[in-house]
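> What follows is a predicted structure for the sequence shown.
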Amino acid sequence: MADQNVIILTSNEAAHNLLAKQGATFSDRPHFIVAQELALQVSKIYTLFYSHWEKQRALHSGNLERGLRGTSWNFSRQMQRAIDAMKEIDMPVEELALNIGIMSDAALDASTEMMMCFLVACITEGHRGWMAKAQDDMDRGVGGGRLPGFEDRLGLPYINVIVEELLRWRPAGAAGVPHFSKVEGNYEGYRIPANSVVIPNHWSITREEAVFGPDVESFVPEQWLGEGFPTVRFGYGRRVCPKRHIARNSLWIFDARLLWAFDIKPGLNKLGEPVEVDTKGTDGLVTKPLPFKARFVPSGDWVREVVTREGDTWGLSPYAKTNVSSIEPSYCLSGSIDLNPDLTILLPHELSDHSSAINRTFVLAH
């Protein structure tokens, strides 16, 4: 960015007022040679505003909305419909394939990393009592006979605030994707020259002490129970992520079911001692936690039977006309994590302080 004006926004108010309220001015992207020309030429994230972005936005939003209303798992039919629709919007098949891949990649990359961050929060911040409170709420509202589902969401508001605090504590895109203005702008008397890059620094925004208090490095879900907190954003204005609701829903069901089933504890070394977890993450567009170890101790003897029963969707026909929202999804860890295929779930009475627990430790590493 040599000889380039760069403005970095470190508060939610400034980011909202510039990138959302003045979206017509600040919704473009700077020219990224590698991302736009070599690697992700037609990625919606980096597409220049109004050049091809509107078509891609309509494709993403429209398909996500129809997916919520859809009642069929006939993917071949859906693909043919997508190809037919593609002809109407003049989009090459290669670009359609890439856009579908981007939506899948977002689910398997950013969402998975946020789930890993949740495990880090459980291990390093669970002592603050929020895990026990969430588990007590589910004991009363769900019980031990079934997995929690989206139908329980209104009765489990504490899981909602855990998700919001997770998104604040470890924002997926810590640095934020740069915006660009081709014309001159203005903010509170400051002139922003044309051809300026404007970057919302999500890490600083989610650590704004004037909003979140002085202890911003602690995981405190209770603060979201009050009124007036700015919702942690998936981008701003016209560039907001269209998959943000899916991301929040995925984190909600993952967090709820994991806390319902397990106590998450630090992994053990060969001596049976807890292994300290480094809370730092990697740099990049998507922040990833460093490799760590974790133990999953079932909350009770009922866990194995319920998870086995409700997690088995093998018998469902992929062509069945069924409401997707009514299907109890089964969740597994990302394929990017190398797990021991012989790993088994231990019941509480099967755990010892040393050898039996060591041999059954989940190793979570990228």
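Received it, and whenever you're ready, just let me know what you need. Residues are numbered from 1 along each chain as shown.
> how about the helices in the stretch 51-200 of the chain?
53-69, 75-88, 93-108, 110-125, 130-141, 157-169 (DSSP state H, counting those that start in this stretch).
> orientation of the shortest one relative to helix 110-125 in degrees?
Spelled out, it's helix 130-141. For helix 130-141 and helix 110-125, the angle between their directions (axes from the mean of the first three to the mean of the last three C-alpha atoms, to 10 degrees) works out to 110 degrees.
> in helix 130-141, what's buried?
For helix 130-141, the neighbour count (16 or more other C-beta atoms under 10 Å) marks 130-131, 134-135, 137-138 as buried. Just so you know, the C-beta spots here come from the backbone N, C-alpha and C atoms, and that holds for glycine as well.
> do the same with stretch 120-131
Within stretch 120-131, the residues that count as buried by 16+ other C-beta under 10 Å are 120-126, 130-131.
> ok, so of these, who is nearest residue 234?
Distance ranking of those against residue 234, using C-beta to C-beta, places residue 121 first at 19.0 Å.
> Tell me, please, where in the stretch 101-250 of the chain the pLDDT is lower than the cut-off.
101-109, 227-233 (pLDDT under 70).
> With distance to residue 165 as extra columns, can I get the buried residues of stretch 120-131 in TSV?
As requested, the buried residues of stretch 120-131 are exported to TSV (distance: C-beta to C-beta, whole Å):
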residue	distance to residue 165
120	13
121	8
122	12
123	15
124	13
125	9
126	13
130	8
131	12
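> Would you point out the most distant pair within those residues?
Largest pairwise distance in the buried residues of stretch 120-131, by C-beta to C-beta, is 13.9 Å, between 120 and 130.
> which residue sits closest to residue 30, ignoring its sequence neighbours?
residue 180 (4.4 Å; C-beta to C-beta, 6 or more residues apart in numbering).
> what's the distance between the one you found and residue 121?
Look at residue 180 and residue 121: by C-beta to C-beta, to the nearest Å, they are 34 Å apart.
> quick revisit: looking at the buried residues of helix 130-141, which is nearest residue 235?
residue 130 (27.2 Å).
> what sits against the closest one?
Residues counted as contacts of residue 130 (C-beta atoms under 8 Å, 6 or more residues apart in numbering) are 158, 162, 219-222.
> Helix, strand or coil: sort out residue 301 for me.
coil (DSSP: H, G, I helix; E, B strand; the rest coil).
> pLDDT score assigned to it?
Residue 301 carries a pLDDT score of 90 in this model.
> Just to be sure, residue 265 is in a strand?
Yes. Assigned with three-state DSSP, residue 265 falls within a strand.
> now residue 14, nearest residue through space, not along the chain?
residue 187 (7.0 Å).
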